[in-house]
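Novice: Below: sequence and its predicted model.
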Amino acid sequence: MSSQQSNRVATIVINIMVAFVVLILIFLLGDILITGLPHVTLHLLTSPSQSFAAGGGIRDQLFNSFYLLVLTLLISFPLSLGAAIYLAEYAANNWLTSLIRTSIEVLSSLPSVVVGLFGYLLFVIQFKFGFSILSGAIALTFFNLPLLIRSIEGSLHAVPRSQHEAGISLGLSNWKTIKGIILPAALPGILTGIILSAGRVFGEAAALIYTAGESAPIVSYTNWNPLDSNSFLNPMRPAETLAVHIWKLNTEGVTPDAVSISAGASAVLVIVLLIFNLSARAIGNHLYQKGSGHK
Amino acid sequence: MDLKSPSKATNEDRRGRIITYSCIGIIIVLVVSILYFIASRGLATFIQNHVNVFRFLTGTQWNPSLLDSHGQPEVGALPMITTSFLVTILAAIVATPFAFAVAIYMVEIAPKRGTKLLQPVMELLVGIPSVVYGFIGLTVIVPIVRHIFGGTGVGILAGTLVLFVMILPTVTSLSVDALTAVPMYLRSASLALGATRWQTIRKVILRAAMPRLLTAIIFGMARAFGEALAVQMVIGNAALMPTSLVSPTSTLTSQLTTEVGNTVMGTIQNNALWSLALILLLMSLVFNLLVHFIGKRGEIK
């Protein structure tokens, strides 16, 4: 085969493989939405789940997913913002910094089930939090930290050095420069990073099975006192999320309509994640245009 | 004016430093405590229950409640270790060509159209949660495997197919970075010598990017090795040595997710599971070291 021919063959083969990958995605999304959407009814979204009878919904699981997401972000955002500022602005180029970077890398490569088991060991058992939203949120924080730190640090680095120098030369302290100049300039990137990490947290299940638990007790949505045990805001109650619910339905197999509920729940999960993904892009673009004056 | 005490700006800066330093401090404490807790629980099998480490790693019988002929609990982790490595390696073997093809398409063949089309494709593939992959595996892949090969359809083959799609975006996006990092002058030089595009890709670009491409594969393997629920849903969850690609078996992660809830803290059944978690932890450290090692080698070149 001449080199011209092999060039042509290789190009065709690569094109076919790329088309195959695109087809996989189309098939996946098509399968999730086509088999799932017919089951997404008002009934599914507004009724509590059933363990042994057909006709259950995903109301509590859906709420738990969002609540857990909010709590996780409340804990993990300040922590990763501080850590990212340290890495981007203060860290010297020495062994300590590389040790810190290595430990963040280790954290990011830990399997989520190991992170979940650690949360189980420390928070559920040792600190006696029990299976609770709080334990779940802390476990998800571990899982979320490395991703968030990396994206925030990237956005901080993307701010031109001259802005920093301008702040310093005006006599501002380093900290004020970071707070008043660098952070606002990095905001679009930071927001995009938060939303993308929110998507990952929203779909995570392995870290939650043994921390937030696999049960969704009936809660009252009118009780706004977070200290009451039946309040929907109580962080110490067990809370099964949507992703954990899909897993449980398919592994325990005691719910008669498990397949149709999980199809519906998967569709809901994927739609929420698509919304996250699209809004991350939209916000990023919007704030970028606003901040830079580009159209 | 008081010149001896620190200025307002200095105080501000000190406060900022304290805040960021304590954040990073918390994270370091966290990583250390994860390593410490998992290691201490995982080693209990060998220290408290006196299980032989070698027998743990090579035994093929997993039945922690029973004693074997030596009077030791039957905790042979080899079935789980084998299955975990098999699905990881097979998934990497299937995913790598596709990932490289997509990366080559995005960087070398059609940079504009490729990026516009395939970037969102990869982001969506990453975004689909692992339970949804597991659910599709259970409702689509397992029946197909069952139809073609008979049996129950669960096992290594189904696990491999699910993991292939899950690690594809990871390997692809890192491969794209690897190819983009190859300097333009290498391409120009090769094309100027009269090489075709494929010759340039195969003999120049892929070679130059090889260390980083290897890193991409290892990251993908690390993800496959640690993936729990999607695999757990299609692997069959029987702690048996795999006899074929379609026999029910169990990975380290699936055994953990299935069994931890059924055991009591501090018993041998529970300790043995923590030892599996310790293997997972050590393997993720090994993957990390490999990435560093290859990265260093690549830099020198």
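Specialist: Sure thing, it's come through.

Novice: Next, see if stretch B:111-129 gets close to chain A.
Specialist: Yes: using CB under 8 Å from any CB of the partner chain, we find that stretch B:111-129 touches chain A at B:114, B:117, B:118, B:121, B:123, B:124, B:125, B:127, B:128, B:129. For glycine as for every other residue, the C-beta is placed from the backbone atoms N, C-alpha and C.

Novice: residue contacts, the first one?
Specialist: By CB atoms under 8 Å, 6 or more residues apart in numbering or on different chains, residue B:114 lies in contact with A:18, B:105, B:106, B:107.

Novice: Throw these into TSV and include neighbour count, secondary structure and pLDDT, thanks.
Specialist: Listed next are the contacts of residue B:114 as TSV, based on neighbours: other CB atoms under 10 Å in any protein chain shown; DSSP: H, G, I helix; E, B strand; the rest coil; pLDDT from 0 to 100:
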residue	neighbour count	secondary structure	pLDDT
A:18	23	helix	93
B:105	25	helix	94
B:106	26	helix	92
B:107	22	helix	92
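
Novice: and those residues, which two are the farthest apart?
Specialist: A:18 and B:107 (12.1 Å; CB to CB).

Novice: returning to that earlier point: switch the contacts of residue B:114 over to JSON lines; also include distance to residue B:209.
Specialist: Output for those, formatted as JSON lines (distance: CB to CB, whole Å):
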{"residue": "A:18", "distance to residue B:209": "18"}
{"residue": "B:105", "distance to residue B:209": "15"}
{"residue": "B:106", "distance to residue B:209": "13"}
{"residue": "B:107", "distance to residue B:209": "9"}
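
Novice: Excluding chain neighbours, give the residue nearest to residue 87 in space.
Specialist: Went with chain A since none was named. residue A:153 (5.1 Å; CB to CB, 6 or more residues apart in numbering or on different chains).

Novice: my question was about chain B
Specialist: residue B:159 (4.4 Å).

Novice: Touching stretch B:51-71 from outside, list them.
Specialist: So stretch B:51-71 is contacted by B:45-46, B:72-81, B:239, B:241, B:255, B:268-269, B:272, B:275 (CB under 8 Å, 6+ apart).

Novice: Tell me, how many residues neighbour whatever residue of the stretch 51-200 of chain B ends up closest to chain A?
Specialist: Chain A sits closest to residue B:129 of the stretch 51-200 of chain B, with a gap of 2.7 Å, by CB to the nearest CB. Residue crowding around residue B:129 was assessed by other CB atoms under 10 Å in any protein chain shown; the count is 24.

Novice: residue in the stretch 201-301 of chain B nearest to chain A?
Specialist: Counting by CB to the nearest CB, the stretch 201-301 of chain B gets nearest to chain A through residue B:226 (2.6 Å).

Novice: Is that residue in contact with residue B:279, as I believe?
Specialist: No: look at residue B:226 against residue B:279 with CB atoms under 8 Å: they stay out of range, at 11.3 Å.

Novice: more crowded one of these two?
Specialist: Counted by other CB under 10 Å, residue B:226 and residue B:279 do not tie: residue B:226 has more neighbours, with 26 against 18.

Novice: What pLDDT is listed against the more buried one?
Specialist: pLDDT, residue B:226: 91.

Novice: Setting aside sequence neighbours, what's the nearest residue to it?
Specialist: Nearest residue to residue B:226, sequence neighbours excluded (CB to CB, 6+ apart): residue A:111, at 2.6 Å.

Novice: Do you have the helices of the chain handy? List them.
Specialist: Since you didn't name a chain, this refers to chain A. A:3-36, A:42-46, A:59-85, A:95-109, A:112-119, A:133-158, A:161-169, A:174-177, A:183-203, A:242-252, A:258-292 (DSSP state H).

Novice: my question was about chain B
Specialist: Using DSSP H, helices in chain B cover B:8-47, B:53-58, B:78-104, B:111-127, B:130-136, B:142-149, B:156-180, B:184-192, B:197-200, B:206-226, B:229-235, B:252-259, B:268-300.

Novice: okay if I get the ones you listed as a markdown table plus distance to residue A:75?
Specialist: Formatted as a markdown table, these follow (distance: least, CB to CB, whole Å):
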| stretch | distance to residue A:75 |
| --- | --- |
| helix B:8-47 | 11 |
| helix B:53-58 | 37 |
| helix B:78-104 | 31 |
| helix B:111-127 | 23 |
| helix B:130-136 | 23 |
| helix B:142-149 | 38 |
| helix B:156-180 | 26 |
| helix B:184-192 | 44 |
| helix B:197-200 | 50 |
| helix B:206-226 | 23 |
| helix B:229-235 | 23 |
| helix B:252-259 | 24 |
| helix B:268-300 | 23 |
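
Novice: Check those helices for me and report the most buried one.
Specialist: Highest mean neighbour count among these (mean count of other CB atoms under 10 Å in any protein chain shown): helix B:229-235, with a mean of 30.

Novice: for that one, the distance to its chain's centre please.
Specialist: What separates the centre of helix B:229-235 from the centre of its chain is 15 Å, taken as CA atoms, centre = their mean, to the nearest Å.

Novice: quick one on the thing from earlier: tell me who's in contact with the residue nearest to residue B:226.
Specialist: A:206, B:225, B:226, B:227, B:228, B:253, B:280, B:284.

Novice: and it, what pLDDT?
Specialist: 90.

Novice: Residue A:82 now?
Specialist: Per-residue pLDDT puts residue A:82 at 92.

Novice: That one: neighbouring residues, count only.
Specialist: Residue A:82, neighbours per other CB under 10 Å, totals 23.

Novice: Report the buried residues of the longest strand belonging to chain B.
Specialist: Taking DSSP state E as the criterion, chain B has its longest strand at strand B:62-67. Of the residues in strand B:62-67, B:62, B:64 count as buried by neighbour count, 16 or more other CB atoms under 10 Å in any protein chain shown.

Novice: tell me the angle of that strand relative to helix B:78-104?
Specialist: Angle between the axes of strand B:62-67 and helix B:78-104 is 170 degrees (criterion: axes from the mean of the first three to the mean of the last three CA atoms, to 10 degrees).
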